[in-house]
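>>> Here is the input, now give the coordinates:
(one chain, ligands or ions: 1)
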Amino acid sequence: MFESMSFYITTPIYYVNAQPHLGHAYTTIAVDVLARHMRQRGRDVFFLTGTDEHGEPVADAARAQGVEPQELADVNAERFKSLMPRLEASNDFFIRTSDAQHEARVQEVLQRVHDNGHTYKGLYEGWYCPRCADFKVENEILEGNRCPIHEIELERHSEENWFFRLSTFQRALERLYAEQPDFVMPPRHYNEALSFIASGLQDVSLTRARLQWGVTVPWDPGHVFYVWFDALLNYYTALSYARPGEDLTDRFWPATYHVIGKDILKFHTVFWPALLLAAGLELPRHVFVHGFLLGADGRKMSKSLGNVLDPFEVIDRYGTDALRFYLMRDVAFGGDGAVGMEAVKARYETELANEYGNLASRTIAMLQRYRDGAIPQSDTDAGLARDFAGLDARVAELMDIAEPTQALELIWQRVRRLNRFVEERAPWQLARDPAAAGELDGTLASLAEGLRVVTVLLHPYMPASTERCMAALTASRDGAAQSTFARAAFARRAGGGAAVELEPLFPKRT
Ligand code: ME8
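From the prediction side, this is the model:
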């Protein structure tokens, strides 16, 4: 499916008007799983995340707190930045839109859009949501003049602005959607974007005159760019300065995957491709749209409803891997899903501790008890081999279309298969019969091989636990090299090397 070795994947850049929450962690973790998987496959990966710092949402929040916007941005950007290692996110760069290099590059690109004749000055009047920093068109507005996302009352704004001629890209976007049905995934969001385009595109405001907190418009310095244009361009500008003295644009542009929540669909699937066309830049390959995390009660998570799941509380109680696993497993990626601490606990105990954790502990314990830790060299079980055949290719296919939940389900079926295999073979009985030594060798080699394969495939989801397991299982080898995707196939003959003791991967929690 992919044309080149490079794989450039992004999260949205998060607003610094508030602190990080589970929604931010969710997108970041999903992107990290995809990025780590692609690295295992030897792709040249660049994973970008960061913060969106300009515009009304931040200026208003700063005013409410009696601080300068830059001050609020600095404090909250630091919070988002320090969230990344806590999530074990392996981002290659963290962009802040108040970076001077970003601002200069935004000016350069938008000046080109202006020079290419895609802007004009006019009077804008419309219904505006200050939380979205977005003017809403008629068919988006809820009853009582309310924002469809924040449900707050919209404000009537009127001002002289520079406009972006979005309407002139109607045809080009229709062609893009016709030619590239996987431009937006999954299909229901492709359809949503397409019907937005089909309903007729109106020109949009490109600059704001009332606001100072933004990137100055080079051809009209009394204006700043509307925050969304400045923000979207982060995906492009970051490559030019992420590595000092090196420009990564040719290596990674266009982006392979923009992963976003469905709240910001219009900007990424309509404004963004039109803006890139206007600037003469290549379009991203795919925009993947995921759903909303809801409270355990099935309602939108909100502090006032008290149904918010705090990512830090989950990490403190169960660990980062458990949070990552839970989010990728419990909420089918792409759809909406309810989350809550009870459900985290259930997944932790039944699946992480009792299934994968137990498989790892018992496999290594049996190798130690019956073979002094040596992994016997032997043919592996033919039935198991059949059940594992093609698993690696199938997982790769699903990851190529951003389906980490489906891929995880396939891997998990094999975790369960291996536990059943232990019960079927009852190695403790084989160990009592000297004539069954060969069979015991084959059983232990098969188990070690199966555990090794699921551990390689689970690595992107749970980097820390799988590294521990791999290190115990390949004590005499280079653990990192064992985690590449080339090693994700179940071998018909396996074994060799030694296993060393493994502390429980997912110990009991209170
Ligand atoms: O929109 N469920 O920033 P933002 C799932 N700065 N994902 C959620 C979520 C939830 N309940 N809540 C938030 C912005 N997210 C802009 C983006 S991009 C050029 C500019 C995730 O801080 C999801 O990815 O409001 C959503 O799209 C994003 O956070 C919005 O973050």
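>>> Could I get the full set of strands for the stretch 51-200 of the chain?
Using DSSP state E, counting those that start in this stretch, the strands of the stretch 51-200 of the chain run over residues 93-96, 119-129, 134-136, 155-164, 184-185.
>>> Please identify the most buried of these.
Between these, strand 184-185 has the highest mean count of neighbours, a mean of 23, where neighbours are mean count of other CB atoms under 10 Å. C-beta: built from backbone N, CA, C; applies to glycine.
>>> what residues does it touch?
Residues outside strand 184-185 that contact it (CB atoms under 8 Å, 6 or more residues apart in numbering): 177, 190, 193, 265, 269, 286, 287, 288, 289, 334, 401, 402.
>>> Those residues: which ones sit near the ligand?
Near the ligand, taking CB under 6 Å from any ligand atom as the test, no member of the contacts of strand 184-185 is found.
>>> I'd like the strands of the stretch 51-200 of the chain laid out as TSV, including distance to the ligand.
Output for these, formatted as TSV (distance: least, CB to the nearest ligand atom, whole Å):
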stretch	distance to the ligand
strand 93-96	10
strand 119-129	12
strand 134-136	10
strand 155-164	16
strand 184-185	14
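>>> weakest of those by average pLDDT?
If you rank the strands of the stretch 51-200 of the chain by mean pLDDT, strand 134-136 sits at the bottom with a mean of 81.
>>> Tell me which other helices or strands that one touches.
If you count contacts as 3 or more CB pairs under 8 Å, 6 or more residues apart in numbering; DSSP states H and E, strand 134-136 packs onto strand 119-129.
>>> Need the three-state assignment for residue 258.
Under DSSP: H, G, I helix; E, B strand; the rest coil, residue 258 falls in the strand class.
>>> how far is stretch 322-332 from where the chain is centred?
Computed by CA atoms, centre = their mean, to the nearest Å, the chain-centroid distance of stretch 322-332 equals 12 Å.
>>> Which secondary structure element is home to residue 501?
Using DSSP states H and E, residue 501 sits within no helix or strand.
>>> what's the answer for residue 45, then?
Residue 45 belongs to strand 44-52 when assigned by DSSP H and E.
>>> ok, back up a step: turn the contacts of strand 184-185 into a markdown table, columns for pLDDT.
Shown next, in a markdown table, are the contacts of strand 184-185 (pLDDT from 0 to 100):
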| residue | pLDDT |
| --- | --- |
| 177 | 98 |
| 190 | 98 |
| 193 | 98 |
| 265 | 97 |
| 269 | 98 |
| 286 | 98 |
| 287 | 98 |
| 288 | 98 |
| 289 | 98 |
| 334 | 95 |
| 401 | 95 |
| 402 | 95 |
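>>> Which ChimeraX command selects the buried ones in the residues you listed?
The buried residues among the contacts of strand 184-185 can be selected in ChimeraX (16 or more other CB atoms under 10 Å) with this line:
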select :177,190,193,265,269,286,287,288,289,334,402
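>>> Which of the contacts of strand 184-185 fall in strands?
Among these, the ones falling in strands (DSSP state E) are 286, 287, 288, 289.
>>> Next, the contact list for the residue lying closest to the third one once chain neighbours are set aside, please.
Spatial nearest neighbour of residue 288, excluding adjacent residues (CB to CB, 6 or more residues apart in numbering): residue 402 at 4.3 Å. Residues counted as contacts of residue 402 (CB under 8 Å, 6+ apart) are 30, 34, 185, 257, 259, 286, 288, 333, 334.
>>> Just the closest of those residues to the ligand, please.
residue 259 (7.3 Å; CB to the nearest ligand atom).
>>> give me the number of residues near that closest one?
For residue 259, the count of nearby residues is 21 (other CB atoms under 10 Å).
>>> That one pairs with what?
Residues in a beta bridge with residue 259, per DSSP bridges, are residue 288.
>>> That one is in contact with residue 28, isn't it?
No: checked against CB atoms under 8 Å, the pair residue 259 and residue 28 is beyond contact range at 9.2 Å.
>>> any residues in contact with both of the two?
Listed as contacting both residue 259 and residue 28 by CB under 8 Å, 6+ apart are residue 11.
>>> measure the closest residue to residue 498 other than its chain neighbours to the ligand for me?
In this structure, residue 498 finds its nearest non-sequential neighbour in residue 373, 4.7 Å apart by CB to CB, 6+ apart. When CB to the nearest ligand atom, to the nearest Å is the yardstick, residue 373 and the ligand sit 45 Å from each other.
>>> and if you look at residue 262?
Separation of residue 262 from the ligand (CB to the nearest ligand atom) stands at 7 Å.
>>> and the stretch 401-510 of the chain, which residues reach the ligand?
Counting by CB under 6 Å from any ligand atom, no position of the stretch 401-510 of the chain is adjacent to the ligand.
>>> what bits of the stretch 401-510 of the chain have low per-residue confidence?
In the predicted model, the stretch 401-510 of the chain carries pLDDT under 70 at residues 476-482.
>>> how about the strands in it?
Ranges of strands within the stretch 401-510 of the chain are 493-494, based on DSSP E, counting those that start in this stretch.
>>> Disregarding flanking residues, what is the spatial nearest neighbour of residue 131?
residue 150 (4.5 Å).
>>> still on that earlier bit, so the residue nearest to residue 498 is in contact with residue 499, correct?
Yes: contact criterion CB under 8 Å: residue 373 and residue 499 qualify, at 5.3 Å.
>>> Between those two, which is the more surrounded one?
Using other CB under 10 Å, the more surrounded residue of residue 373 and residue 499 is residue 499, with 27 against 17.
>>> Can you get me a residue count around the residue in the stretch 101-250 of the chain positioned nearest to the ligand?
Distances between the stretch 101-250 of the chain and the ligand by CB to the nearest ligand atom are smallest at residue 231, namely 3.9 Å. Using other CB under 10 Å, residue 231 has 26 other residues around it.
>>> Output the lowest mean pLDDT helix or strand found in this structure.
Every helix and strand in the chain was compared by mean pLDDT, DSSP states H and E; the lowest is helix 479-482, with a mean of 62.
>>> related to what we said a few turns ago, can you add distance to residue 506 and give the strands of the stretch 51-200 of the chain back as TSV?
Compiled in TSV, those are given as follows (distance: least, CB to CB, whole Å):
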stretch	distance to residue 506
strand 93-96	30
strand 119-129	43
strand 134-136	43
strand 155-164	50
strand 184-185	33
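>>> Many thanks, we can stop here.
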